[in-house]
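Visitor: any chance you could fold what I've pasted below:
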Amino acid sequence: MFDQLPDDSDRDCDDGANEARLVIDPAGGRLSYVNRAAAELFGLRDDALATTRASDVLPAFADLTPRNFEASFTRGSRERRVAVRLERLHGGPFPRFAALLASVRAIDDPAARDFPANGAPRRLERLESLWRLVVRRGFAGTEQVRALLHEGASGIGLERASLARLDGDDLVVEFAWPEDEAGTRIPLDRSLSRAALTRSGTFAALDTGADSELRRIANDMRSFLSSAFRVGETRWVLTFSSAAVRLKPFDDDDWQYVENLVEALARGIERRERDARIEKLAYSDALTSLPNRLAVLGRLDDALAEAERSGTRAAVLFLDIDGFKDVNTAVGHRGGDAVLTEVAQRLRGTLRAEEYIGRLGGDEFAVVLPHVADREAIESIAQRIETVLSFPFAVRDYRFSLSASIGVAIYPDDATGRDDLLACADAAMYAAKDDGGSRLRFRESNGAFTDRALGPVAALTGGRHDAEYQLCFQPILDLRTGRVTSAEALIRRIHPEHGLLAPERGWSLARDEEGRRLLDRWVLREAAAQAKAWHHAGMSLRLDVNLAAFDYRDIDELLADDGLAADVRRLRVEIAAEQIADPARQEQLAAFVEHCAASGIGFALDGFDGGYGMIAALSNLPIDAVKLDRPLVESVMASRTSRAVVQGTILVAKSLGWRVIGKGVENAAQRDGLLALECDEIQGFFVARPMIAADFGAWYAARDRLDREG
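Guide: Residues are numbered from 1 along each chain as shown. This is a model prediction of the structure:
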């Protein structure tokens, strides 16, 4: 697809706006993206892009080694000569892999001679040389930007340099010299750059000690110069500083020098943003915003390399949407595009972070699985996919329920090369479609296929055909260490209009004993599989689950599964206070607890409201934790009675070896109150709202990174 970037033909040619850019997949040498300038230079048509090889455009592209070179090609009767820079393309938000970016200029363009620029000894000439280098390379070249900051600090006669952007009330350092301070956040009211930003210009001080306000925030900096500028909607500030007092005042040449530095950096920022758009177009699908075929192939290469190193299995799933032609026939291509966009959103929402989903084209999608334990795990993924597709899609007055034909290929069982693995998955998918669709197909060692019919999640919900469930996860935080120790798995229904609905919104999970058992089996398997995935990702968390039937046979079924037995023991079953208080269920619960405890399953008492008699009744049961009821937590700072109840509960629980968890914590005051009473852990909106697995993984990784840096 040709890009839709603005026409920058009026700009100085040094900023790279007129470069023809092409993205090349080195595996087959095919073009995956060209910009408008490339289309005009080489006479390319959009409808021919998918079948065009880079060497067809420029014969020199037969050699895809990254380098700078000059080459010739013929268009019509005219021979053209071009200067080319061939380099690895950064993956942006997607994994990096071997895609190449070719930047091409006609040789008669003076800027083409800037591959590379030549330096000069004088200050402004050296700056001009670095300017060209940074603008041409953009902010992908961190060392070039740091070199520009180094040059600027030397030229202005100060020791340090930094480039930061304004983010709310903080400055975020993007680049610094000589220290690596990238990512550092500085409160604006504690920064020497504040004056330049508030005055939207350049501000300098020869000696911060002569000014009381500057002296208060200067730390060890005695002189500085800051210059603020804007690129688009973002405000930036370039700052030079020194620990020594500057004796010579800044003169007109210094001000002009700083203006040139600012202009160079502003061009570099613009180039970075322009390149980011190119990378997004190169690696993402324009309709659905999912990773495109090129990104999927790169991720599969990474998965196979990782599996080969670790001696594990990887897999790829090919998905074709059944019945999509009928959608296009009924509502047209525009309506079909709307359905495909929603299909992509649902698939991305139901798959976990490590289950990499991309669109191959048309109504075909692929899922790359870098770690595969067994076929049951793949079947679970396929069932989730089928579930989200079965819920009706609405386009005008039409309602569509879709399904998928899914073909699976496993490395190294089915193939050891990327192309062979893809061909195997593709063949399995078509075999599933030929057999009526809505099926999952594996390939056996003898070349035959085995399959499993897929159906909606009604089997999990006691006969309801209008519901789909998904587990969300709410983190539980240790009050003393600040670390996430566990999470509670909460079942949610996905509604097409209202999104994720909690049980209290007036719907029933299951209406009979068989329905409750089916639901428990699904919850236990999903939670155990998620605990396993997080464990492999380095997140050793315990998961609290809520059950409906309390049938120990469901636990035994999972313990007999070698692939999940260890992960079932990462679960902790919650028993609500009202369930224990129900005489009709006490015998069943006691048998369930006794049986599961012998297998290493933990338990937590949920919804405790301060009744000491209940604690006494449970003192002989294998309880790991007690969760304080929300009303107690809400009133812990406002009511002396509630505070005394909580304090007494904590003392009794700890004497029994139980941990105490405060639920429903919504603000810092409640957190601090529970901490003062020596509560062990908290969960609630103050920590985080319930999240789907992919969002939880990203949230946990970000928090863990901040904890390590802190």
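
Visitor: now do the same for Phe696: helix, strand or coil?
Guide: At Phe696, secondary structure determined by DSSP: H, G, I helix; E, B strand; the rest coil is helix.

Visitor: typo on my end, Ala295
Guide: Ala295 is classified as helix under three-state DSSP.

Visitor: do I have it right that it meets Ile357?
Guide: No. In this structure, Ala295 is not within contact of Ile357 by Cβ atoms under 8 Å, at 10.4 Å. Where C-beta positions appear, they are placed from N, C-alpha and C, glycine not excepted.

Visitor: of the two, who's got more company?
Guide: Neighbours per residue, other Cβ atoms under 10 Å: of Ala295 and Ile357, the larger number sits with Ala295, 26 against 21.

Visitor: which intervals of the stretch 251-400 of the chain have sub-threshold pLDDT?
Guide: Within the stretch 251-400 of the chain, no stretch has pLDDT under 70.

Visitor: give me the distance between Leu422 and Ala409.
Guide: Using Cβ to Cβ, to the nearest Å, Leu422 is found at 7 Å from Ala409.

Visitor: then Ala548?
Guide: 37 Å.

Visitor: please say which of these two ends up with more neighbours.
Guide: More crowded of Ala548 and Ala409, by other Cβ under 10 Å: Ala409, with 25 against 18.

Visitor: what's the following helix or strand after the helix or strand hosting the more buried one?
Guide: With secondary structure defined by DSSP states H and E, Ala409 is part of strand 403-411. Proceeding N to C from strand 403-411, the next assigned helix or strand is helix 418-434, under DSSP H and E.

Visitor: ok now that next one, how far from the chain's centre?
Guide: 28 Å (Cα atoms, centre = their mean, to the nearest Å).

Visitor: repeat for stretch 292-305
Guide: Relative to its parent chain, stretch 292-305 has a centroid offset of 16 Å by Cα atoms, centre = their mean.

Visitor: before we move on, the earlier item: overlap in contacts, Leu422 and Ala409.
Guide: 316, 318 (Cβ atoms under 8 Å, 6 or more residues apart in numbering).

Visitor: so what are the domain limits for this structure?
Guide: 13-114, 123-282, 293-455, 469-709 (automatic domain parsing).

Visitor: need the least confident one among those, by mean pLDDT.
Guide: When these are compared on average pLDDT, domain 13-114 comes out lowest at a mean of 76.

Visitor: rewinding a little: list the helices and strands the strand holding Ala409 packs on?
Guide: helix 293-310, strand 314-322, helix 375-390, helix 418-434, strand 439-443 (3 or more Cβ pairs under 8 Å, 6 or more residues apart in numbering; DSSP states H and E).

Visitor: next, the angle strand 439-443 makes with it.
Guide: Calculated by axes from the mean of the first three to the mean of the last three Cα atoms, to 10 degrees, strand 403-411 forms an angle of 20 degrees with strand 439-443.

Visitor: quick one: strands adjacent to strand 403-411?
Guide: Applying DSSP bridges to the sheet, strand 403-411 is found paired with strand 314-322 (antiparallel), strand 439-443 (parallel).
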